[in-house]
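Participant: Got a predicted structure plus its sequence, pasted below:
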Amino acid sequence: MFSYYLKLACKSIKRNPILSALMVMAIALGIGASITTITVNYLMSADPIPQKSKQLFYVQVDSWDPNDAYSDNSDDVSPPPNQLTWTEATNLMAASKAFRQAAMAKSGGIIEPQDQDAKPFEASIRLTFADFFSMFDVPFIYGSGWDQQTDTKRDLVVVLSKNTNDKVFGGENSVGRNFVMAGNTFRVLGVMDDWQPVPKFYDIGNGAFDTPEEVYMPFYLKEELELPNWGNVNCWKTPEGEGFKAFLRSECINFQMWVELPNQAEQAQYLAFLDNYVAEQKSLGRFPRPLNNRLSDVMTWMETQKVVDQDAKLMMWLSFMFLLVCLLNTVGLLLAKFSGKAAEIGLRRAVGASKTELFKQHIIEAGCIGLLGGVVGLGLAALGLQGVKSLYGDFVDNLASLDASMMILALSLAIFSSVLAGLYPTWRACNIAPASQLKSQ
Amino acid sequence: MLNMIDVKKVFRTALVETHALKDFNLHVKEGDFVAVTGPSGSGKTTFLNIAGLLETFDGGKFELDGQDVSHLNDKQRSRLRNEKIGFIFQSFNLIPDLNLFDNVDVPLRYRGFNSAERKKRIEQSLDMVGLAQRMKHLPSQLSGGQQQRVAIARALAGEPRFLLADEPTGNLDSQMATSVMDLLKEINRNGTTIIMVTHDPSLAQQAKRNIFVRDGMVSEVTMPAASAATCSMA
C-alpha cells in the first residue's frame, strides 16, 4: 500500500499546485533557515580530529599576576592563562615528558618566489616542533616533516602548505629546493596535502576558523631569526629590558602547547609533572598564584574557549522558532487541502478504507510535501550559507558549507516536521463522517 | 440476510433531537431487490447509511449476513463494508483525477488483492458495464450515464453480497436511467441482493419488493405488479 499511497500523494499534490507550492515553500523557508544556522553551529562544534581528540591535550599553567587572575571568555572565574611564556614552552619541551609534544607560535614573513616575475607576498608561519606533524596526523604529498634533531640544531628548513607550494613552485615536488622567506634561505623538507581542521583547534586564540598557516618551521628559529609575534601577546608584567631577548625572557604569553597522552595513567603522570614543574618554578620566585594547571582535551578546550559563539546558538534557536511558525502555516494549509478532499475521503470510507488506512495515506502525503520542502529548503540553505559568507567574508568560509550529513538532516527534519504538522489535519480528515459527504457531493 | 429489528437512530444538536428511525424493522432475503421509497426526510437515506455501516444506530438490532454489527469497531466495520457491500450514489462519487481503471481499483486496494487479481477484476467489471475500452479515460471525459456505470463497476468489482443504491438514476436523463436500471436488474438476476432508495415510482415498480418509509418507520411493504406477475407465472 505504501507505493499506492505515494502515487496518490503525487496526484494530490498535482491536483492543487498552488496550495501544494505554498506548503512546500512554508516548509522550505523554515528548513532553509534552520539548516543554515544548524550547519554553522554543527561545523563550529565539530570534532576536528575525531581519531585522537581524547588523547590530545592543551597545556595550561598559571604563571599570571598574583593580584589579578587571568581572564578570558571562559566561564571560569580564575582560569590559567590560555597561552604559555617562551620560558614555559621551551622548558616543558625540553623535559619531553609526553608521548608526543609540540609547543608552537604563529609568526609571519615575506616570501620571495624564485620566479623573478612573481611578486613577493606575505605569509603566515607556524613555528613548532617535529611532533606537530605526527601528533595532528598532517598529510603530506611530498617529503615529510623534520626530525627531533632538527628541532635542536635549528636548521633552516621548512614544510610548505599545498597552496604555498602551488604559488611558489607551481605545484612541483619542491623537496630539497631552496625557499626564501623573511630574508633567509630555507630548504624544503616536505609539502603538506590539503589540511583544514575545522575548527582550527590547535590555535583557537588566533582564529578558530582561520585557514592553517602557509609555512611551518622549527620553533627555535623564532629566537634564531627573531621572527615577529603574530596573534595575541598578553603580559601581566613589563619585560625587564628592551628588545627581542627581553621579550623571550618575560612573563608575556604568546605560545601554545599540545601533548599527546594515549592513556589515563600518562595523563595523570603529565599533570603531576606540571605540578612539580610549577613547584620548582615557585622556588625560583616565579608562579606567584596558587597551583592551577590544566590539561584539556580537544573538545573540552573548544568548549571552555567558547568556539561556538553565543550569537550563533541564539540564531539557531530563533530559526527553530521560525520553523515552528512555518509549520503552523503548513497545518492551516493542510487543513484546507484535506477539507477539500472530504468527498474522496467519504468515498474511500464507504468502499472499505478504515481510519487507519486513511491516516497512512494522508500522513504519507504530508511526508511527501515535507520531502519536497526539504529539497527546496536545502537550496535555500545553500543560498543562506552564501549569504553568511558574503556577510562575514573569508572568516566563515570553512563554516558555510553543506556536507552529506547536513543534507540528510535537512531532509529528515523536513519530513519529520511535515508529518508532525500533518497529524492534526490528518486526524480531522480521518474523522470526516462519510455519509454526509457522499450525499452532498 | 439483512435483518433490522426495532432499529433507532436519533440525531441530536444542542437545540433539537430528531428521531430519524423509530423502531425500524426490515428483513431482506438473499437475491432480493428492494426499492425503498418515501417522502423527503422520512429516513430512507439514514436507513441506507446504517445498512451500509456508514452510520451507527442508537437502539435495536441489526444483523448483516448473520453477523450482529452493533459492537464492531471501525476496522471490522470497514472490512465488512469492503467485502460484503457495494455502494452506488446519485452523484457517482468518482475520484476526478483517477482514470476509470484506478477508480474501480479503489475498493480492491483495501481488500488486499494482488496486482494480477485486481487487474482481472477491474477488466471484468468494466467489461460488464461496457466500458472496458475506456479504462484509461478520466471521469470528466464520460457522460453521466457512463460515469454511473463506472460507479457500478467499482461497486461490483469486489463481488459484494449487497448492493446499496441511493437514487442511482437521480442525475440521469430517462434513457440513461433505463439503461442503468436494466443493468441493476441484470446484476440482481446474477444473485446480488440490491437495496435501492428512489423517489421514482416507475423505478420502484421494477424492483421485486417495495417498502414505503414514513416518519422513520416501514409503513407499507408491497409486491409490484410486474414482480407479482413474474412470481405467479413462475
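Facilitator: Ah, there it is.

Participant: what bits of the chain have low per-residue confidence?
Facilitator: Looking at chain A here, since you left the chain open. A:73-74, A:308-310, A:391-401, A:439-441 (pLDDT under 70).

Participant: that answer is for a different chain, and I need it for chain B
Facilitator: Within chain B, the ranges that satisfy pLDDT under 70 run B:224-234.

Participant: who does the longest strand along chain A pair up with?
Facilitator: For chain A, the longest strand by residue count, based on DSSP state E, is strand A:100-112. Its sheet considered, strand A:100-112 pairs with strand A:121-128 (antiparallel), strand A:178-181 (antiparallel), strand A:253-260 (antiparallel) by DSSP bridges.

Participant: got the residue ranges for the strands in the chain?
Facilitator: Defaulting to chain A. Taking DSSP E as the criterion, chain A carries its strands at A:56-60, A:84-85, A:100-112, A:121-128, A:140-143, A:157-160, A:178-181, A:184-192, A:215-218, A:253-260, A:294-297.

Participant: That was the other one, I meant chain B.
Facilitator: Using DSSP E, strands in chain B cover B:2-12, B:17-28, B:33-37, B:59-64, B:67-68, B:85-88, B:162-166, B:193-197, B:209-214, B:217-222.

Participant: buried set for the longest strand of chain A?
Facilitator: Using 16 or more other C-beta atoms under 10 Å in any protein chain shown as the test for burial, strand A:100-112 gives A:Arg100, A:Gln101, A:Ala102, A:Ala103, A:Met104, A:Ala105, A:Lys106, A:Ser107, A:Gly108, A:Gly109, A:Ile111, A:Glu112. In short, each C-beta sits where N, CA and C put it, glycine included.

Participant: Go through the residues you listed and name the one nearest chain B.
Facilitator: Among these, A:Arg100 lies closest to chain B (C-beta to the nearest C-beta), at 64.8 Å.

Participant: In this model A:Asp131 seems to touch that closest one, though I could be wrong.
Facilitator: Yes. Between A:Arg100 and A:Asp131 there is a contact at 4.1 Å, judged by C-beta atoms under 8 Å.

Participant: Now for those two: what residues contact both?
Facilitator: Contact criterion C-beta atoms under 8 Å, 6 or more residues apart in numbering or on different chains; residues shared by A:Arg100 and A:Asp131: A:Glu260.

Participant: next one: phi and psi at B:Gly130?
Facilitator: For B:Gly130, the backbone dihedrals are phi 80, psi 30 (criterion: degrees, to the nearest 10).

Participant: if I pick it, what's in contact with it?
Facilitator: Contacts for B:Gly130 (C-beta under 8 Å, 6+ apart) come out as B:Arg149.

Participant: what's near enough to touch B:Ile194?
Facilitator: Contact analysis of B:Ile194 by C-beta under 8 Å, 6+ apart lists B:Asp32, B:Phe33, B:Val34, B:Phe162, B:Leu163, B:Leu164, B:Ala165, B:Leu184, B:Ile187, B:Asn188, B:Ala207.

Participant: roughly how far apart are the last one and chain A?
Facilitator: Counting by C-beta to the nearest C-beta, to the nearest Å, the separation of B:Ala207 from chain A is 21 Å.

Participant: Can you get me a residue count around that residue?
Facilitator: 26 (other C-beta atoms under 10 Å in any protein chain shown).

Participant: so it sits right up against B:Val197, yeah?
Facilitator: No. Using C-beta under 8 Å, B:Ala207 makes no contact with B:Val197, being 10.9 Å away.

Participant: before we move on, back to that, which of the contacts of B:Ile194 count as buried?
Facilitator: Using 16+ other C-beta under 10 Å as the burial test, the contacts of B:Ile194 include B:Asp32, B:Phe33, B:Val34, B:Phe162, B:Leu163, B:Leu164, B:Ala165, B:Leu184, B:Ile187, B:Asn188, B:Ala207 as buried.

Participant: A:Trp317 is in contact with A:Asn41, correct?
Facilitator: No. The pair A:Asn41 / A:Trp317 is not scored as a contact, 10.0 Å apart, by C-beta under 8 Å.
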